[in-house]
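Colleague: Predicted model, plus sequence, below.
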Amino acid sequence: MLALTNINKTYADGTYALKDVSLTLPSGMVGLLGPNGAGKSSLMRTLACLQHADSGSIEFNGLDVIAKPQILREQLGYLPQYFGVYPNMSCRALLDHIGVLKGLPTKTRKLQIDNLLALTNLTRFADKKVVNFSGGMRQRFGVAQALLGDPKLIIMDEPTAGLDPMERESLNNLLVTISKDRLVLLSTHIVEDIENLCHHVAIINQGAVVGSADVLDLISPLEDKVWQLDSLPADIEKKHILSKSYRYGKAAFRVYAQQQPCEDAKLSKTTLQDKYFFELNAQGGVSC
């Protein structure tokens, strides 16, 4: 279990990145959802001990992370949104180098690397340079390096960004596989990825947590209150418009209302995306 209490972070330029963030996150696949600039990466970097919080506390399985960050680093796997690689090193050589930096003994390192190459479907590319990998292969390498040392906490910042649909599906399947006996914290602004993969989600906007719970508990207050329409009534309030999308070129609106807003409105099954837009609308963060 990961517990954060009143975490605050302000950068040197005055940006108030995190505002009294308090979260309790269980094991398994957990999503951190928010728009670009919401504070997700700032929170991830703080949890990964890459920067200090200005105030607050963090505990992981009873460990005081603020007081003893090195102990957490020994149990941590981290996949940042962007990461560089040595241009002349093969996949296997680079994993071995990272394993050395993590302090893994030679036999353990070799066994783990062989297993991780198989898990990430990179065995036949083990002697190829990572710098020449496709986007999907490179992200799978990123997962492999994050898993070296069998960490109990894995932090992944936008791991599917820039991947095509097939690469995303492959990586998502891998993420579910590795989350069985550890906490995998997945940060993204792609609601579909969270809804498909995570049993628990925290929504962050403007540096503050606006909702955190198991997904079904989080969306339950909107059940029987989300309607789909082909056009909007003139009297509907903008804050009640959850989203506007297109299907085969035709517009479709999703609206929050206690009762049927117009004769043509059809009651729709509530989704995490509805809850996401509902919370952002409440803060004035969405414009359809």
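Modeller: Thanks, I have the structure now. Note that this is a predicted model, so its numbers are computed, not measured.

Colleague: Restricting to C-alpha, output stretch 188-202 in PDB.
Modeller: Taking Å, rounded to 0.1, in the frame of the first residue of the first chain, the C-alpha atoms of stretch 188-202 are listed here in PDB:
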ATOM      1  CA  THR A 188      -1.900   8.900 -18.400                       C
ATOM      2  CA  HIS A 189      -4.500  11.300 -19.900                       C
ATOM      3  CA  ILE A 190      -6.000   8.400 -22.000                       C
ATOM      4  CA  VAL A 191      -9.100   7.500 -20.100                       C
ATOM      5  CA  GLU A 192      -9.600   4.300 -22.100                       C
ATOM      6  CA  ASP A 193      -6.300   2.800 -20.900                       C
ATOM      7  CA  ILE A 194      -7.300   3.400 -17.300                       C
ATOM      8  CA  GLU A 195     -10.800   2.000 -17.700                       C
ATOM      9  CA  ASN A 196      -9.500  -1.100 -19.400                       C
ATOM     10  CA  LEU A 197      -6.600  -1.800 -17.100                       C
ATOM     11  CA  CYS A 198      -7.100  -0.400 -13.600                       C
ATOM     12  CA  HIS A 199      -9.300  -1.400 -10.700                       C
ATOM     13  CA  HIS A 200      -8.600   1.800  -8.800                       C
ATOM     14  CA  VAL A 201      -8.100   5.400 -10.100                       C
ATOM     15  CA  ALA A 202      -7.100   8.800  -8.800                       C
END
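
Colleague: Next, Leu242: phi, psi?
Modeller: phi -80, psi -40 (degrees, to the nearest 10).

Colleague: how close does it sit to Val30?
Modeller: 24 Å (CB to CB, to the nearest Å). Every residue, glycine included, has its C-beta placed from N, CA and C.

Colleague: which SS class is Leu218?
Modeller: Three-state call for Leu218 (DSSP: H, G, I helix; E, B strand; the rest coil): helix.

Colleague: Neighbours of it, how many?
Modeller: Residues near Leu218, counting by other CB atoms under 10 Å, number 20.

Colleague: I'd guessed it sits against Gly211; true?
Modeller: Yes - counting by CB atoms under 8 Å, Gly211 is a contact partner of Leu218 at 5.7 Å.

Colleague: Between these two, which contacts overlap?
Modeller: Residues touching both Leu218 and Gly211 (CB atoms under 8 Å, 6 or more residues apart in numbering): 201, 203, 275.

Colleague: With neighbour count and pLDDT as extra columns, can I get the residues you listed in JSON lines?
Modeller: Below are those laid out as JSON lines (neighbours: other CB atoms under 10 Å; pLDDT from 0 to 100):
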{"residue": "Val201", "neighbour count": "27", "pLDDT": "95"}
{"residue": "Ile203", "neighbour count": "25", "pLDDT": "94"}
{"residue": "Lys275", "neighbour count": "27", "pLDDT": "94"}
